[in-house]
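Visitor: predicted model and sequence follow; I will ask about them next.
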Amino acid sequence: MSDDINIEINGMPLQAAPGTMVIQVADEAGITIPRFCYHKKLSVAANCRMCLVEVEKAPKPLPACATPVTEGMKVFTRSEFAIEAQKSVMEFLLINHPLDCPICDQGGECDLQDIAMGYGKDVSRFAEKKRVVPSKNIGPLIATDMTRCIHCTRCVRFGQEIGGIMELGAYGRGEDTRIGTYMESAVSSEMSGNVIDLCPVGALTSKPYRYRGRPWENQQRETIAAHDCVGSNLEVELRRNTVMRVLPRENEAINETWLSDRDRFSYTGLYHEQRARHALIKQGDQWKQVDWQIALNYAVEGIKTVQQGRGSEQIGALTSPSATLEEMYLLQKLLRSLGSHNIDHRLRQLDFSRSDIAPRYPSLGCTIAELEQVEAGLLIGSCVRKDQPIIAHRLRKAALNGANIMSVNAIDYDVNFPLAESIVTAPDNMPQTLAGIARALLTLSGEPAPADLATRLENITSHDDHLAIAKHLHSADNAVVLLGTQAMGQNEFGELQSLAELIGRLAGAKFGYLTEGANSAGAWLAGAVPHRQAGGETIASPGRHAGEMLSQPQGAMVLLNVEPELDSAYGSQALRSMQESDFVVALSPYISDSLKACADVILPVTPFIEMSGTFINTEGHWQSFGAAVDPLEEAKPAWKVLRVLGNLFEFDGFDQVTSEEVRDELRAISGEPPMDNQSAWQCPQLAPAGSGLQRIGHLPIYAVDSLVRRAQPLQETTDAIAAAAYMNEQTADAAGVGDAAYVLVQQDNSEVRLPLVIDEAVPAQCVLIPYGVTGSETLTRAYGPIELQRG
Amino acid sequence: MMAQHKKSASKLPLINDESRAEIDQWIAKYPPDQKQSAVMAALRILQDQNGGYLSEDLIEATAEYLKMPPIAVYEVATFYSMYELEQVGRHKICVCTNISCKLCGSDDVLKHLQQRLGIGPGETSDDGRFTVKEVECLGACVDAPMFQLGDSYHGKLTPQRIDEILDGLD
């Protein structure tokens, strides 16, 4: 840039934009300046003083992190004067630091240890008593050893600036300064694990990794996170073929330097006692451990029997939306080679009415990084903070920059950024609400209403809040409308989809989906839907969708990492359908009692860390990864299992040797299509909302898949929401259960007894009963009418 | 939302009308989006309302009233030595022991208080009347040695002068 100014660091001439700090210029030029409190993603605190440097004409050393560059500035980072200052700071920092490196988990990757090697004295001159600080229990994820703290306040600033909730603070003063939570409370941020990376010493370390290993013993492998559609980049650390921990791998376009707790700690479920280690077949009522070959043959024979006896259309397959592209592709290829299109990944979807007009694959509609730049954003049915923490972080940055982020939700979710407008309404009233916004936008934009909508809008009024949302969206040059994961699970999904897309179009905004799982986009492209081939070509006579397969017994079913009652919106109905199916082959990394109750063969497959594959993230970005660690015992990557099954059926096209070959085969069919969410207009019914109680089936953050559900530390956090009936006080009173401890919830032919929790975040006439968690799976539909009585 | 975020009962009723009016005066001095600037005044006002110390509940009430995280209020309350976080005596005696007072005999002041009240720095008498505190410079070196009793300064202290002052208290 022309207005760059010239400075010199250690005699090296450099250019920098005005306002840049010396340390940033030095970092870019590869000149090392020691530091503790400075972090490129956090505000400047300048309280550790480790980065003191000499600046020509300045009488005192200056902190490089808080000294902006000026024209002609001459900086010396290694002069005698600078080093003397740095060494003196080091001496002060070490005064109270315990020399417990041998028992400290940070040892070997500790900034203090490293910098002390360069700047510390061999012998301490401090003979007085050292400070001892009692540690606090701040939850199941972060271990604290506060005596080691050097008060850099990175963790405090992280909470304020990135996490969005200030949970840690520096209280007391001077030598008595302590870092901790208010009283003895656990940190509740879904991004809290990042303070472990930020802490330059061993004060905040990983609790699950505590005393488990040394960094120099670990090998690093790269992979991609498998629990949301962001696809955060991971570095997996392993020792002796065991995963020790997971760290973020910097990718400015996706997760920056951050990682959600779900992605960081899900590995703790890898070696759960329920891991499938051997192939099993059911003989009579007994489960028998068998060789792979026997199990595979048994599976093939079982499927063939159904095929011959009841026909190919009685065969179906369901895959987790977090399976890899390769797995999904081979699974649909197997099914279609068998002559069936009954395959789906949309296990948590209730409404399939607009499948036909769905885009080729659902995407964010813009890049993740672009979300930071929006001036207005509307979230529809999205608990973005817990569903896609990294997306929430980007939106938070936009909001703090002045963007008007707004939401229409069925629950008053706790968000960590200011909402310009927030409408909380019953799920079945959400289409009406969106119609109100759309109507206001039609007026603002002067555009004609699409087919049939005008008459249906006659009964819709645009309230003030609808108008406000419309105005914010319409006046912004760069706006985005996002349909969230929770909305996609609602009965009204199709109508919401049409209306959200319309709102986006009328407002001149981008329109995107926040899909569930790691690979919903991949599932659509790989053909893991009943009505589209791999690549996206429409099938004239589509197969059965997930809702049909999960609501009634089938002939033969292949399940890929699916625990029917927890991974679907259909609870016990899904389990019963599987149980009553003639033959069920479960490719599963875990064996639960309910899986045993419904499956006939269990083939042990690997979670994502133990295999190679590809996820297509919400930006349509293909991210391939290799196996970070070898499979546990006899488990095998599902793509290999599916390939062998294909061979056993003697189908063509199952000869791939590597997952890359599978991926490339699909890519040759599909290409790498860019994001495009445009779909044909289908006018919503806009039926008036029902009366009576209805269930809201929120999917909690730590219930999303089989691995996360078994990650014990995550299950101990406050975000691991237990099965209960949450209602606001008025609704509970009106239902006559206001003072009850337990309620009996009835839905269709199912019922369950749940504790009642009064919660004002739930709208009137609604009962929030989370799904995907043990205790509520007896119910048969995540959303819809329920009845309730004292229990 | 949901269980873990369920709002615990509001602590706002703990702020009485008089305090609230006074806090509002301080809030009015700052831009509307910077209510938290009034945190120090609010804590002082509530400490007075509460008989000289801040309870956990009052810290939470302040946080709620100024829309700050409780830990941020706690940071302020623990940083400044004039906020008390535990119950103190009816009369709080803050003895300056900084350099000027030290040179002019603050040790004797403490000694005399110890003899007369039976309490040393950081202690409260059993009858709850007195708390003695050692503090840093209160900016009254001209009158050293000195202490602060309640809201007023007393300087040029001698044992006799101290007795006179204490005799005049309830």
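Guide: Now that the structure is in, tell me what you want to look at.
Visitor: contacts for stretch B:114-122?
Guide: B:95, B:110, B:113, B:125, B:130-134, B:162-163, B:166 (CB atoms under 8 Å, 6 or more residues apart in numbering or on different chains). To be clear about C-beta, it is placed using only N, CA and C from the backbone, and glycine gets the same treatment.
Visitor: how far does it stretch from start to finish?
Guide: 11 Å (CA to CA, to the nearest Å).
Visitor: pLDDT of it, averaged?
Guide: Confidence over stretch B:114-122, taken as the mean pLDDT, stands at 94.
Visitor: how about low-confidence regions in chain A?
Guide: Filtered on pLDDT under 70, chain A yields the residue ranges A:1-2.
Visitor: tally of neighbours for residue A:687?
Guide: Residues within reach of residue A:687, counting by other CB atoms under 10 Å in any protein chain shown, total 12.
Visitor: on that earlier part again, most widely separated two among the contacts of stretch B:114-122?
Guide: B:134 and B:163 (20.3 Å; CB to CB).
Visitor: what about chain A: which of the contacts of stretch B:114-122 touch it?
Guide: Among those, no residue sits close to chain A (CB under 8 Å from any CB of the partner chain).
Visitor: reformat the residues you listed as JSON lines; add neighbour count, secondary structure and distance to residue B:58.
Guide: Below are those laid out as JSON lines (neighbours: other CB atoms under 10 Å in any protein chain shown; DSSP: H, G, I helix; E, B strand; the rest coil; distance: CB to CB, whole Å):
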{"residue": "B:95", "neighbour count": "22", "secondary structure": "strand", "distance to residue B:58": "26"}
{"residue": "B:110", "neighbour count": "19", "secondary structure": "helix", "distance to residue B:58": "30"}
{"residue": "B:113", "neighbour count": "23", "secondary structure": "helix", "distance to residue B:58": "29"}
{"residue": "B:125", "neighbour count": "15", "secondary structure": "coil", "distance to residue B:58": "24"}
{"residue": "B:130", "neighbour count": "23", "secondary structure": "strand", "distance to residue B:58": "23"}
{"residue": "B:131", "neighbour count": "24", "secondary structure": "strand", "distance to residue B:58": "18"}
{"residue": "B:132", "neighbour count": "24", "secondary structure": "strand", "distance to residue B:58": "24"}
{"residue": "B:133", "neighbour count": "19", "secondary structure": "strand", "distance to residue B:58": "20"}
{"residue": "B:134", "neighbour count": "16", "secondary structure": "strand", "distance to residue B:58": "25"}
{"residue": "B:162", "neighbour count": "21", "secondary structure": "helix", "distance to residue B:58": "32"}
{"residue": "B:163", "neighbour count": "12", "secondary structure": "helix", "distance to residue B:58": "35"}
{"residue": "B:166", "neighbour count": "17", "secondary structure": "helix", "distance to residue B:58": "29"}
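Visitor: tally of neighbours for residue A:477?
Guide: Residue A:477, neighbours per other CB under 10 Å, totals 10.
Visitor: just give me the neighbour total for the residue of the stretch 201-350 of chain A found nearest chain B.
Guide: Nearest to chain B in the stretch 201-350 of chain A, going by CB to the nearest CB, is residue A:261, at a distance of 14.0 Å. Using other CB under 10 Å as the criterion, residue A:261 is surrounded by 25 other residues.
Visitor: that one touches residue A:140, doesn't it?
Guide: No - contact criterion CB atoms under 8 Å: residue A:261 and residue A:140 do not qualify, at 10.0 Å.
Visitor: which neighbours do those two share?
Guide: Between them, residue A:261 and residue A:140 share the contacting residues A:714, A:717, judged by CB under 8 Å, 6+ apart.
Visitor: hmm, back to that, OK, contacts around the residue of the stretch 201-350 of chain A closest to chain B?
Guide: By CB under 8 Å, 6+ apart, the neighbours of residue A:261 are A:141, A:189-193, A:389, A:714, A:717.
Visitor: out of these, who's nearest chain B?
Guide: Of the contacts of residue A:261, the one sitting nearest to chain B (CB to the nearest CB) turns out to be residue A:717, at 8.6 Å.
Visitor: how close does the closest residue to chain B within the stretch 551-700 of chain A sit to residue A:721?
Guide: Nearest residue of the stretch 551-700 of chain A to chain B: residue A:698, at 7.7 Å (CB to the nearest CB). According to CB to CB, to the nearest Å, residue A:698 stands 8 Å off from residue A:721.
Visitor: who's more crowded, those two?
Guide: The neighbour comparison of residue A:698 against residue A:721 (other CB under 10 Å) goes to residue A:698, with 29 against 24.
Visitor: show the end-to-end separation of stretch A:600-612, please.
Guide: Span of stretch A:600-612 from end to end, CA to CA: 27 Å.
Visitor: how far does that stretch sit from the chain's center?
Guide: 21 Å (CA atoms, centre = their mean, to the nearest Å).
Visitor: stretch A:450-466 too?
Guide: 35 Å.
Visitor: same question, stretch A:654-671
Guide: 27 Å.
Visitor: quick one: buried residues of that stretch?
Guide: Under the neighbour-count criterion of 16 or more other CB atoms under 10 Å in any protein chain shown, stretch A:654-671 has A:654, A:656, A:659-660, A:662-663, A:665-667, A:670 buried.
Visitor: got a list of contacts for that stretch?
Guide: Taking CB under 8 Å, 6+ apart as the rule, stretch A:654-671 contacts A:324-326, A:329-330, A:333-334, A:525-526, A:534-536, A:611-614, A:622, A:624, A:637, A:639, A:642-647, A:653.
Visitor: quick one: buried ones out of these?
Guide: By 16+ other CB under 10 Å, these give A:324-326, A:329-330, A:333-334, A:525-526, A:534-536, A:611-614, A:622, A:624, A:637, A:639, A:642-646 as buried.
Visitor: now, which of those residues lie within helices?
Guide: A:325-326, A:329-330, A:333-334, A:525-526, A:639, A:642-646 (DSSP state H).
Visitor: just these now: which is nearest residue A:374?
Guide: Closest to residue A:374, out of all of these and judged by CB to CB, is residue A:525, at 26.3 Å.
Visitor: quick one: residues contacting that closest one.
Guide: Applying CB under 8 Å, 6+ apart, the residues near residue A:525 are A:325, A:360-361, A:534-536, A:616, A:666, A:670, A:673.
Visitor: now do the contacts for residue A:280.
Guide: Residue A:280 sits in contact with A:287-290, A:295, A:591, A:601-602, where contact means CB under 8 Å, 6+ apart.
Visitor: let's see it at 6 Å
Guide: A:287, A:289, A:602 (CB atoms under 6 Å, 6 or more residues apart in numbering or on different chains).
Visitor: hmm, residue A:278 and the second one touching each other?
Guide: Yes - using CB atoms under 6 Å, residue A:289 makes contact with residue A:278 at a distance of 4.8 Å.
Visitor: and those two? Which one has more around it.
Guide: residue A:278 (16 against 13).
Visitor: could you identify the helix or strand that succeeds the lowest-mean-pLDDT helix or strand in chain B?
Guide: Each helix and strand of chain B was given a mean pLDDT (mean pLDDT, DSSP states H and E); the minimum falls on helix B:2-5 at a mean of 43. Note on helix B:2-5: by DSSP states H and E, the next helix or strand toward the C-terminus is helix B:17-28.
Visitor: my guess is residue A:478 contacts residue A:374, does it?
Guide: Yes - with contact defined as CB under 6 Å, residue A:478 counts as touching residue A:374 (5.2 Å).
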